[in-house]
Every structure is written in structure tokens, then in C-alpha cells.
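K.L.:
sequence first, then the predicted structure:
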Amino acid sequence: MSRVSVPAAGDEARCVPPGCCTLPSGARAWHDPIVSANFAAYLRVYEPLTAFDRERQVYWRRYVKEGRAIAPLEGPGRQRTAVLEALGAGWSRLPDIPDDAYVMETEDTLLVCPWNLRVRVAEAALTARDGVPPVLADAFVPAKLAGLAKSVVDDWRSGAEVLERGMPRVHEQVATWGIPLRWFVFVDLSERELTLAAQVRTLRYRTEISKARRRAHRAHSVLRKALGAVPVTEAVEEGARWLEEFHPRSVVELDYGGLVDLLPDEMLRSDDSPGLVAAGLAALSRGEAETASETYEQIVTRWRAVQLLERSN
């Protein structure tokens, strides 16, 4: 019987063997590390104000009224600056960071995607200790601070603290130099929003969280039955659990972010990645393993071309 080969969770966004494919026509390779940091995609959840307690509702209404909301095109740079400034303030504690957010206004409600940078600062603190001798690591990040940072990151990854103790949810996930294929499970090709203007180039998908949850659970069921407890099945399950943390009237957004600056217009116009993922899952559900493998290889090859740009950087 034909088998579908799948990578470990997250492998689709890294570990690209050199020479396996060609760069997209018109794509650009960047060599400035600061510029390269901009090439990330984002998975966000925007929640209605009713998802927050009264104090936070008042804060976010005032935040929007004062015109402080930040556009997604500006946000990543502002976030990096905030994290770097926080880390430079001293390593005695996890610093308090001002609350900022992306905002989406519809006809009948206001939806907010808070940044919650505390988790990102904690991850940066732990990363600073990686691969460094203990003596030097303690000089950069004291053991007490590292312990606090690890608790923050562990609580976020488990999700238990969010559900049981009402801790702030992490509304945004980030992937650099590519998009995890599991993210495409949550959206549909018909939900694509593409803008190709002189000053603004964006590609994003927006959907109701109820639809994203149904797609995630359906995909997990198909993968579990067809492949078993392999990493990709577990990754989709993890994504489904993450979506359960939010208000049922939330909106999910998959934003190609800075990746649009790596890709030519024609590639953005023709991109059908969510459709390919849906087709592969449909084939798996019908027991057509060979068709599913062909579809999977098609989308992996496409995104490897983008990942190669990191190696050339």
C-alpha cells in the first residue's frame, strides 16, 4: 500500500537541502540581518471586547479612541523594538511592557489582537542562554530570571494556565522564512484577500474561528486515522487546542506578512496553498494515499523555494 511521508512538526519551515529546487522567478535574496528579520508570517486571533474583563474593555476602547492601534504592516518592527528595549533594561526580572494590539473593526463590533509580548521576552531570555557556558549564561540571564522565563513559556505552551487560571492568551504566532503547512488547515482559499499596490502588498486569509475550529478538528481526525500519532497529526491537534482558548466570535487571520516582499506578484496571485492542503486531506480521507502524497510534495516544493532564500542570506 502507498504511504504518505510526513515531516516532523515544524520541519516544513526549515532544514532545506541546498539545490533541491530553484528560487521563485523574481524573488530577492536579502543579506542584511535586520531586513531578514522582517520576513515572517503570522497567525492571529482577534477577539471581541466581550472576551475581556471590564477593566480591559475600558482600556481597549480608550486605546482605539485615542488612535493608538497599530497597523499590521508596522507592528512587527514595533514589536522587535519593544522586545529589544525590554531586554536591555536589565535582567533582574521580566519587565512590564506596554499593552499594544492590532484592531479590527466590523459593522457591529470591535475585535482586538493583543500583542502579549511578555511571552516573547521570556523566550528571548531563554534563547540568550542557549549554547553558552553556565558562568556566562548567568551573567547574561541570572538563574532566577531564567526560571521565571521558563515558567511563562511553559504555561503558554501547555495552555492549561490559560484555561484554568485565566492567564493572558497569546493571540499571535510567528513563523520566519515560510508558513507552517498546518496553518493552511484553518483557512479556505475563498477567504483570500490580496492587495498588490505600489506602496502596499499584502496577502492574508480571514475566517470565523468557528470555521477554523471545524477545519482543524476535521483535519486532525483524518490525519489520525490515516497516519496515526505522527508529528504532523500532533501539530494540527496542538493548533486546534490553541483555537479553543478564544471567544467563539473571534476572527482568525493568516497573514503572509513580510513574505510578500520575497515573492513576485504572479506567484502571490496564483498561490493556492490552502486549497492544496484541503485537497491533500480530502484524498487522505478517501484512502487515496498516492494522490495525497503528490499534493503534499507539490506544496512542500513550493515553500522550499522560499526557504532557500534564508540559506542564501
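P.N.:
Cool, got the structure. Numbering: from 1, shown residues only.

K.L.:
in this protein, which helix is the longest?
P.N.:
Using DSSP state H to define each element, the chain has its longest helix at helix 289-312.

K.L.:
list the buried ones in that helix?
P.N.:
For helix 289-312, a neighbour-count test (16 or more other C-beta atoms under 10 Å) marks 289, 291-293, 295-296, 299-300, 302-310 as buried. The way it works is simple: take the backbone N, C-alpha and C, and place the C-beta from them, glycine included.

K.L.:
how about stretch 78-86?
P.N.:
Buried residues in stretch 78-86 (16+ other C-beta under 10 Å): 79, 82-83, 86.

K.L.:
wait, residue 255 sits on residue 45?
P.N.:
No. Applying C-beta atoms under 8 Å, one finds residue 255 not in contact with residue 45, separated by 11.8 Å.

K.L.:
who does the longest helix of the chain touch, helix- and strand-wise?
P.N.:
helix 273-285 (3 or more C-beta pairs under 8 Å, 6 or more residues apart in numbering; DSSP states H and E).

K.L.:
what's the angle from the helix it packs on to helix 289-312?
P.N.:
Computed by axes from the mean of the first three to the mean of the last three C-alpha atoms, to 10 degrees, the angle separating helix 273-285 from helix 289-312 equals 140 degrees.

K.L.:
list of residues touching helix 273-285?
P.N.:
4, 179, 181, 184-185, 187-189, 191-192, 205, 218-219, 222-223, 226-227, 289, 291-292, 295-296, 298-299, 302-303 (C-beta atoms under 8 Å, 6 or more residues apart in numbering).

K.L.:
so which residues of the stretch 101-250 of the chain form helices?
P.N.:
Taking DSSP state H, counting those that start in this stretch to define them, one finds helices in the stretch 101-250 of the chain at 117-127, 134-140, 143-158, 160-165, 209-227, 231-243.

K.L.:
flag the shaky bits of the stretch 201-313 of the chain, pLDDT-wise.
P.N.:
310-313 (pLDDT under 70).

K.L.:
apply 90 and report the result again.
P.N.:
Across the stretch 201-313 of the chain, the ranges flagged by pLDDT under 90 are 261-262, 302, 304-313.

K.L.:
report the buried residues of stretch 63-83.
P.N.:
Result for stretch 63-83 [16+ other C-beta under 10 Å]: buried residues 63-64, 69-70, 72, 75-76, 79, 82-83.

K.L.:
pipe those into a markdown table and attach distance to residue 96 and secondary structure per row.
P.N.:
Compiled in a markdown table, those are given as follows (distance: C-beta to C-beta, whole Å; DSSP: H, G, I helix; E, B strand; the rest coil):
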| residue | distance to residue 96 | secondary structure |
| --- | --- | --- |
| 63 | 16 | helix |
| 64 | 22 | helix |
| 69 | 20 | coil |
| 70 | 18 | coil |
| 72 | 24 | coil |
| 75 | 19 | helix |
| 76 | 21 | helix |
| 79 | 16 | helix |
| 82 | 11 | helix |
| 83 | 13 | helix |
